[in-house]
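1. Could you work out the structure for the sequence below:
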Amino acid sequence: PAPPAPAPAPAPAAEKKRLVTGQPEQKPLPVFTIDFYMEAMCPGCMHFTTTVLAPVLSAMEEYVELRAIPFGNAAIANGTVQCQHGADECTGNKIELCMMKQYPGWRTWFPAFKCIEASDDVPLVAARACLADHGMDAERLIACALSKDGDAMQLEAGNETITLDPPHEFTPWVVVNGEPVGEQVMDLQAWLCGKLTEEQRGEVGACTPSKFRDAERTQTLRGTRGKAATKGFCYPSLKWDGTH
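-> Presented below is the predicted three-dimensional model:
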């Protein structure tokens, strides 16, 4: 007699769940890749980092990947970067670039980044305290920022910023999965939740129906204030004079 047929291979866990429930496997939730084009010493960037971006990362950590590109409204002339807020901004931009390179992964570098952006001190002074407080080698990172490596990284960030399509209009400028968020940047969580289906929002605690409606309501109220909603933004056409 013919040998018995081999037993079928066990179904993967997801397939077992589908067979038991009779429901198709749910599509995985999307990952939002956030590109944050910013500059040190910009009031709008500081506010966005501490009061908008930080809560989004906390609430939606597993669905977010983050890049920060410190250059903003600077210009490149004859291979030299000229920052909107002067040399102190350039130093801050390069410290943050060195930090992100030497301590990769936003979960590693963001706490120190947030600390620097929350400080009223110039970036160099803020960095000495913030980097050390978060277990980073402050002197090594500052040396990197003041070296040719720091200059090269800032030029690279500048070339990426300058070639944005569409171009950035102000900082903080946020692009998510290739799509600019624009003036809704201060309502980033509501914007992200709005990209999910109703079913997907139910899977993300920060986007559950009641929280999503509250976020949408806040976004609508902010939108009615027009220019007041963009207070603190830094625009390419403006030179820093300490008043905006």
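2. Which residue is the nearest non-sequential neighbour of Pro180?
-> In this structure, Pro180 finds its nearest non-sequential neighbour in Pro166, 6.4 Å apart by C-beta to C-beta, 6 or more residues apart in numbering. For glycine as for every other residue, the C-beta is placed from the backbone atoms N, C-alpha and C.
3. and that neighbour, what element?
-> Assigned by DSSP states H and E, Pro166 falls within no helix or strand.
4. and the gap between it and Trp173?
-> 10 Å (C-beta to C-beta, to the nearest Å).
5. For the protein, give me the ranges with low pLDDT.
-> The chain contains residues with pLDDT under 70 at 1-27, 209-231, 238-244.
6. can we see that at 80?
-> 1-30, 209-231, 237-244 (pLDDT under 80).
7. Tell me who's in contact with Met100.
-> Shown in contact with Met100 (C-beta atoms under 8 Å, 6 or more residues apart in numbering): 68, 109, 113.
8. For the last one, pull up the helix or strand it's in.
-> So that's Phe113. Assigned by DSSP H and E, Phe113 falls in helix 106-118.
9. What lies in contact with stretch 85-98?
-> Taking C-beta under 8 Å, 6+ apart as the rule, stretch 85-98 contacts 39-42, 68, 70-72, 74, 81, 83, 113, 116, 122-124, 126-127, 131, 141-142, 144-146, 149-151, 153-154, 157, 240.
10. from those residues, which would you call buried?
-> Buried members of the contacts of stretch 85-98, scored by 16 or more other C-beta atoms under 10 Å, are 39-42, 68, 70-72, 74, 81, 83, 113, 116, 122-124, 126-127, 131, 141-142, 144-145, 150-151, 153-154, 157, 240.
11. From Ala112, how far out is the residue nearest to Pro180?
-> Counting by C-beta to C-beta - Pro166 and Ala112 are separated by 31 Å.
12. Neighbour count for those two, which is higher?
-> Ala112 (26 against 8; other C-beta atoms under 10 Å).
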